[in-house]
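**Student:** Please find the sequence and the predicted model below.
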Amino acid sequence: MMPGTLEDMWHEYKKTKNSSIRDEIILKYAHLVKLIAGRIAINIPSNIEFDDLLGYGIFGLIDAVDKFNIDLGVKFETYAYSRIKGAIIDGVRENSWVPRSVIRKIKLIKDSIEKLQNDYGRIPKDEEICRYLNISIEEYNDIIRDISKTNILSLEDQLVKDMKIETDDKQINPEYMVEKSELKTLLGKAIDNLERNEKLVITLYYYEGLTLKEIAATLDISESRVSQIHTKAVLRLRGSLGRKKHLFFERRSCK
């Protein structure tokens, strides 16, 4: 007989490892996979099917159910989100192809922005990036267009990378939660320093939950233009977060 409440099911599963109870728990949270997959779908290569995203996400959900520690008092939805999203992103990366030339361009722009931000103490303007790279603004915009067409840049993905620390799989490391809060504060300050159109696109996309198509309609510009603005903004923010990584790495190395 299946335990009554969801909490009862969790306690019974952790005690008995009953596969039928685990399957029931997975069904209870399957909606999370669809929700997260839908959020990610607008930012991936067009050759990846939505059903593939759901498949990757289910593996992440199963992993989360197996490793979740109910005694920590953390909501399962909070714990599962990063594992589901991470599984989807990993699946996309393993099964999609991005030209090496695009990867090199992303690194070139990101590293340049990070270097200039260290020099200036602020987010550099397009003209300053072009001078540093010794390219024209037209060439720079061509690079941005090439990157934006791949749809592989995600601010959420970058946050996951920057906050990743070694943890015991059976628990959520408290240090992770502190770093997550600090990184979000740094991110908020960096967003405030973006150019107006970049700040608007980032806000509408990540905080208001609008799709690129909806943002294009709201701002009365093309969807490709929104994608380019998004790409520029994420590259700037990656550079901004990159120059702050020492704050996290130094603290961990002092253990």
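**Tutor:** Cool, got the structure.
**Student:** hey, where'd the helices end up in the stretch 101-250 of the chain?
**Tutor:** All helices of the stretch 101-250 of the chain, identified by DSSP state H, counting those that start in this stretch, fall at 126-133, 137-150, 155-162, 174-192, 196-202, 212-219, 223-242, 246-253.
**Student:** Least reliable of those by average pLDDT, please.
**Tutor:** Lowest mean pLDDT within the helices of the stretch 101-250 of the chain: helix 246-253, a mean of 38.
**Student:** element containing residue 74, please.
**Tutor:** Residue 74 is part of no helix or strand when elements are defined by DSSP states H and E.
**Student:** how far away is it from residue 87?
**Tutor:** Separation of residue 74 from residue 87 (Cβ to Cβ, to the nearest Å) stands at 19 Å. (Glycine included, C-beta is placed from N, CA and C.)
**Student:** higher neighbour count, the two?
**Tutor:** Taking other Cβ atoms under 10 Å, residue 74 and residue 87 do not tie; residue 87 has more neighbours (23 against 14).
**Student:** Hmm, residue 55 and that one touching each other?
**Tutor:** No - counting by Cβ atoms under 8 Å, residue 55 is not a contact partner of residue 87; they are 9.4 Å apart.
**Student:** Not counting sequence-adjacent ones, nearest residue to residue 110?
**Tutor:** residue 238 (5.1 Å; Cβ to Cβ, 6 or more residues apart in numbering).
**Student:** let me redo that: residue 230
**Tutor:** residue 201 is the one closest to residue 230 (Cβ to Cβ, 6+ apart), at 5.3 Å.
**Student:** Can you give me the separation between that neighbour and residue 83?
**Tutor:** Relative to residue 83, and taking Cβ to Cβ, residue 201 is found at 28 Å.
**Student:** Among these two, which residue is more densely surrounded?
**Tutor:** Legend: neighbour count by other Cβ under 10 Å for residue 201 and residue 83, higher for residue 201 (29 against 21).
**Student:** The more buried one reaches residue 233, doesn't it?
**Tutor:** Yes - the pair residue 201 / residue 233 is scored as a contact, 6.2 Å apart, by Cβ under 8 Å.
**Student:** ok, the closest residue in space to residue 197 that isn't next to it in sequence - contacts?
**Tutor:** Spatial nearest neighbour of residue 197, excluding adjacent residues (Cβ to Cβ, 6+ apart): residue 229 at 5.6 Å. Counting by Cβ atoms under 8 Å, 6 or more residues apart in numbering, residue 229 touches 197-198, 201.
**Student:** Mind doing that once more with 10 Å?
**Tutor:** Contacts for residue 229 (Cβ atoms under 10 Å, 6 or more residues apart in numbering) come out as 144, 148, 194-195, 197-202, 205, 212, 215, 219, 221.
**Student:** Quick one, which of those are buried?
**Tutor:** Listed as buried from the contacts of residue 229 are 144, 148, 194, 198-202, 205, 212, 215; burial here means 16 or more other Cβ atoms under 10 Å.
**Student:** Of those, which is the nearest to residue 12?
**Tutor:** Relative to residue 12, the closest of the buried ones among the contacts of residue 229 is residue 205; by Cβ to Cβ it sits at 40.8 Å.
**Student:** Kind regards, and thank you for your time.
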